[in-house]
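Participant: Model the structure of this input:
(chains A, B, C and D)
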2 protein chains.
Amino acid sequence: MTHHATDHQFDLNQFLPYRLNRVADQISEQLAHLYETSYSLTIAQWRVLAWLNQCEVLTAKQIREATRMDKARVSRAVQSLVERELISRSPDSQDQRAHPLRLTATGQALLAKLLPEAEAWEADLLTVLSNDERAALINAMAKLERAFASSTPPAPCGNDGIAELNPANGR
Amino acid sequence: MTHHATDHQFDLNQFLPYRLNRVADQISEQLAHLYETSYSLTIAQWRVLAWLNQCEVLTAKQIREATRMDKARVSRAVQSLVERELISRSPDSQDQRAHPLRLTATGQALLAKLLPEAEAWEADLLTVLSNDERAALINAMAKLERAFASSTPPAPCGNDGIAELNPANGR
DNA sequence: TCTCGATGGTTCCTTGTGTAACCATTCTGT
DNA sequence: ACAGAATGGTTACACAAGGAACCATCGAGA
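Facilitator: Numbering: from 1, shown residues only, chains lettered A, B, ... in the order given. Sure thing, here's the model as predicted:
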């Protein structure tokens, strides 16, 4: 009714970047609250921990590539985690610049508590989607990500590759 | 192969909040670059403009609800846009506190240039998705958003309602 | 072996954002 | 008509995050 510009009328609600960001922010914000209040973890720190849990040992660079987070952001997250002794930074015999990181026992213990909570939270959220819908969502995201960042998504350690996120694989 | 914790092995790449955020950030970041370099607009400002383009006149509160942005964030975006005379803040006869906002001619002109660019950018991105995939993505996002924010998404002006984002409706 | 470029990380600086306190106006109940 | 709560909006403060400069180390080539 109240259109006034070019009659093909741009609708922000239909604009993918906006929409995607809005929903991602909402979700992320909620989850961040869990990390923060219960574990005093920032999102960046949580990501570092989670990746280390998956890969056992990683360098800052690898984390940077995996998460696509900023150099500095990773550096700061790591620093804080080391201070709290949730991860350890050992010297690398090969390259004096790199510092291989791994979880400490404390860190593992923390994750042992945190991971199930996070998974439960996610599961709860996912109840609103059917399996097909979920698969479709994952699929679309993977394509988008691969599309314009041309370089394929990351998975730095053993369990390699693009992780097609296909829920159809048994486990 | 290097699993070491509970053998059901949590995979961050499969974790929806993480994945969603990563892709949204990437996209948003690229687009932000366009706004910033070409038009000196921040994302928040762009959103305000885009919504005003759609609704002709809106109050800060309505924008806040539509975008789910913070009070302060909206306020600052508006302030800056007013200074640049891209939007105007008129007094409201009904309520002295509210300040109805609308695009100035300059603002409209700017959008006339910017909108097509944004749409082209989006279109380019969307080429990697089939129509079905795109629809599925939109659908999943809508469900997620509606799910845990319980209150339905926003559309403050004339062209109302939840905007199911169904690309199947002719125009 | 020495120099120069590249690379892994850290730090400085600036900016945008969230939280909370705040101001002004409006609404409610009495 | 008035006191107090609620609401629209702004501002002060603290902080996280990106970009660029920076430091140390490594690698390649003369």
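
Participant: So which residues on chain A come close to DNA strand D?
Facilitator: A:42-44, A:69-73, A:76-77, A:94-97 (C-beta under 7 Å from any atom of the strand). Where you see a C-beta, it was placed from the backbone N, CA and C, and this is true even at glycine.

Participant: Go ahead and build a PyMOL selection from the buried members of those residues.
Facilitator: With 16 or more other C-beta atoms under 10 Å in any protein chain shown as the burial test, the buried ones among those are selected in PyMOL as follows:
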select buried, chain A and resi 42+43+44+69+73+77
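
Participant: got CSV for the residues of chain A next to DNA strand D, with secondary structure too?
Facilitator: Below are those laid out as CSV (DSSP: H, G, I helix; E, B strand; the rest coil):
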residue, secondary structure
A:T42, coil
A:I43, helix
A:A44, helix
A:M69, coil
A:D70, coil
A:K71, helix
A:A72, helix
A:R73, helix
A:R76, helix
A:A77, helix
A:Q94, coil
A:D95, coil
A:Q96, coil
A:R97, coil
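
Participant: Of the residues of chain A next to DNA strand D, which are in range of DNA strand C?
Facilitator: When contact is defined as C-beta under 7 Å from any atom of the strand, the residues of chain A next to DNA strand D meet DNA strand C at A:K71, A:A72, A:R76, A:D95, A:R97.

Participant: For the longest helix along chain A, buried residues please.
Facilitator: Longest helix in chain A, counting residues (DSSP state H): helix A:16-39. Residues of helix A:16-39 classed as buried: A:16-28, A:31-32, A:35, A:39 (neighbour count, 16+ other C-beta under 10 Å).

Participant: which of those residues come close to chain B?
Facilitator: Contacts with chain B within those, counted by C-beta under 8 Å from any C-beta of the partner chain: A:16-28, A:31.

Participant: how far off helix B:16-39 does the longest helix of chain A point, in degrees?
Facilitator: Orientation note: helix A:16-39 sits at an angle of 130 degrees relative to helix B:16-39 (axes from the mean of the first three to the mean of the last three C-alpha atoms, to 10 degrees).

Participant: Mind listing residues that contact helix A:16-39?
Facilitator: A:12-13, A:41-43, A:45-46, A:110, A:114, A:117-118, A:121, A:125, B:16-17, B:20-21, B:23-25, B:27-28, B:31, B:43, B:47, B:50, B:67-68, B:122, B:125-126, B:137-138, B:141, B:144-145, B:148-149, B:165 (C-beta atoms under 8 Å, 6 or more residues apart in numbering or on different chains).

Participant: Stretch A:40-54 too?
Facilitator: Stretch A:40-54 is contacted from outside by A:28, A:31-32, A:35-36, A:58, A:63, A:66-67, A:69, A:73-74, A:76-78, A:80-81, A:86-87, A:101-103, A:107-108, A:110-111, A:114-115, A:156-157, A:159, B:5, B:9-12, B:15, B:18, B:21, using C-beta under 8 Å, 6+ apart.

Participant: tell me the mean pLDDT for it?
Facilitator: Stretch A:40-54 shows a mean pLDDT of 96.

Participant: try stretch A:20-37
Facilitator: On average, stretch A:20-37 scores 93.

Participant: Can I get that stretch in CSV? Just the C-alpha atoms.
Facilitator: Backbone C-alpha positions of stretch A:20-37 (Å, rounded to 0.1, in the frame of the first residue of the first chain) are rendered in CSV as follows:
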residue,chain,number,x,y,z
LEU,A,20,20.7,-14.9,8.1
ASN,A,21,22.5,-12.5,10.3
ARG,A,22,19.5,-11.7,12.3
VAL,A,23,18.7,-15.3,13.1
ALA,A,24,22.4,-16.2,13.7
ASP,A,25,22.8,-13.3,16.0
GLN,A,26,19.8,-14.3,18.1
ILE,A,27,20.9,-17.8,18.5
SER,A,28,24.5,-17.0,19.1
GLU,A,29,23.5,-14.4,21.7
GLN,A,30,21.5,-16.8,23.7
LEU,A,31,24.2,-19.5,23.6
ALA,A,32,26.8,-16.9,24.5
HIS,A,33,24.8,-16.2,27.6
LEU,A,34,25.2,-19.8,28.6
TYR,A,35,28.9,-19.9,28.1
GLU,A,36,29.4,-16.6,29.8
THR,A,37,27.3,-17.0,32.9
